[in-house]
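Chemist: sequence and predicted structure, then a few things I'm wondering about:
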Amino acid sequence: MINKMEKQQLRKEILLKWKNSSKRMEIQHSIYKRLFHLNIWENANIIGLTHSKDTEWDTTRLIEKAWDQKKTITIPKSNSDTNTMKFYQYAPGDRLEITRKNIKEPIESSNKFVEKDRHDLIIVPGVAFSKDGYRIGYGGGYYDRYLADYLGPTLSLAADFQMQPFLTKESHDIPVQFIVTNFGTIYCQHT
Ligand SMILES: Nc1ncnc2c1ncn2[C@@H]1O[C@H](COP(=O)(O)OP(=O)(O)OP(=O)(O)O)[C@@H](O)[C@H]1O
Ligand SMILES: [Mg+2]
């Protein structure tokens, strides 16, 4: 089992590389171009993703593209007592609130709630990935909990420098099915 310190260290190293990468916009462009041509994106009507902070790939581009293509976007409202999330529909003009971790989250309303299994695709954030789909996220276990009983497609977006040859799996970790990178799409083989 990987210890917390090692995980934290790896998160720090990769986030620093991300911050200092002079090619970030170019890489992002290449990842998004590839994503938009994937069947899994093209065929998805309801896509769940997070509203990115400035240390992540800019998901406002994804949200706008999805809206242009008449898709439905959902974004999560997190509960920091239970480390769980609920996804709500996010339409153009909807107001968001900035929560504790400086994340933009939806304002809860029952008519905007979207059940987990109604999603056609969930885009899972993360810091580091291995080609079998395992992931080091931001450390809350929010996605591992959410995906534990989700049956639909999942994918993550990653630059080459976020890919690791090997990540230690923990029993609660849920791998993603696809990783879209600037050099190609990885179809993850779960072992
Ligand atoms: N399904 C689960 N049930 C109970 N505890 C869990 C579950 N998933 C994760 N946890 C706990 O949450 C904590 C954080 O998990 P982990 O380090 O894997 O986060 P992460 O994958 O980086 O975060 P995220 O899933 O939000 O991207 C760990 O202490 C782990 O034991
Ligand atoms: Mg995890």
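Modeler: That came in fine, so what should we check first? Ligands and ions are numbered 1, 2, ... in the order given.

Chemist: alpha carbons only for contacts and neighbour counts from here, please
Modeler: Noted.

Chemist: residue numbers of the protein in contact with ligand 1?
Modeler: Contact residues (C-alpha under 6 Å from any ligand atom) of the chain with ligand 1: 126, 136-145, 172-173.

Chemist: I103: which of those residues is nearest?
Modeler: Taking C-alpha to C-alpha as the measure, I103 sits nearest to Y138 out of these, at 12.5 Å.

Chemist: the closest one touches V127, doesn't it?
Modeler: Yes. Using C-alpha atoms under 8 Å, Y138 is in contact with V127, at 6.8 Å.

Chemist: overlap in contacts of these two?
Modeler: R11 (C-alpha atoms under 8 Å, 6 or more residues apart in numbering).

Chemist: and those two? Which one has more around it.
Modeler: V127 (24 against 15; other C-alpha atoms under 10 Å).

Chemist: doesn't I136 make contact with the more buried one?
Modeler: Yes. Assessed by C-alpha under 8 Å, V127 is found in contact with I136 at 5.6 Å.

Chemist: re earlier: out of the residues of the chain next to ligand 1, which comes closest to K77?
Modeler: For those, the nearest to K77 is Y142 (10.6 Å; C-alpha to C-alpha).

Chemist: ok, that closest one - how many residues close by?
Modeler: For Y142, using other C-alpha under 10 Å, the count is 17.

Chemist: likewise for F129?
Modeler: 26.

Chemist: ramachandran coordinates for it?
Modeler: With angles defined as degrees, to the nearest 10, F129 sits at phi -140, psi 150.

Chemist: hang on, it packs against I136?
Modeler: Yes. Taking contacts as C-alpha under 8 Å, F129 lies within contact range of I136: 6.4 Å.

Chemist: buried stuff in the longest helix seen in the chain?
Modeler: Secondary structure assigned by DSSP state H gives helix 4-20 as the longest helix of the chain. Under the neighbour-count criterion of 16 or more other C-alpha atoms under 10 Å, helix 4-20 has K7, L10, R11, I14, L15, W18 buried.

Chemist: so what touches that helix?
Modeler: Counting by C-alpha under 8 Å, 6+ apart, R24, T55, V127, A128, I136, Y138, F161, Q162 sit against helix 4-20.

Chemist: I'd like to know the average pLDDT value across that helix.
Modeler: Here helix 4-20 scores 92 as its mean pLDDT.

Chemist: with just CA atoms, put it into CSV.
Modeler: Extracted in CSV, the C-alpha atoms of helix 4-20 (Å, rounded to 0.1, in the frame of the first residue of the first chain):
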residue,chain,number,x,y,z
LYS,A,4,-0.1,9.1,2.3
MET,A,5,3.2,11.0,2.3
GLU,A,6,4.2,9.4,-1.0
LYS,A,7,0.9,10.1,-2.6
GLN,A,8,1.0,13.7,-1.3
GLN,A,9,4.6,14.1,-2.7
LEU,A,10,3.6,12.8,-6.1
ARG,A,11,0.6,15.2,-6.2
LYS,A,12,2.9,18.1,-5.4
GLU,A,13,5.4,17.2,-8.0
ILE,A,14,2.9,16.7,-10.8
LEU,A,15,1.0,19.9,-9.9
LEU,A,16,4.2,21.8,-10.1
LYS,A,17,5.0,20.4,-13.5
TRP,A,18,1.5,21.3,-14.6
LYS,A,19,2.0,24.8,-13.3
ASN,A,20,5.4,25.3,-14.9
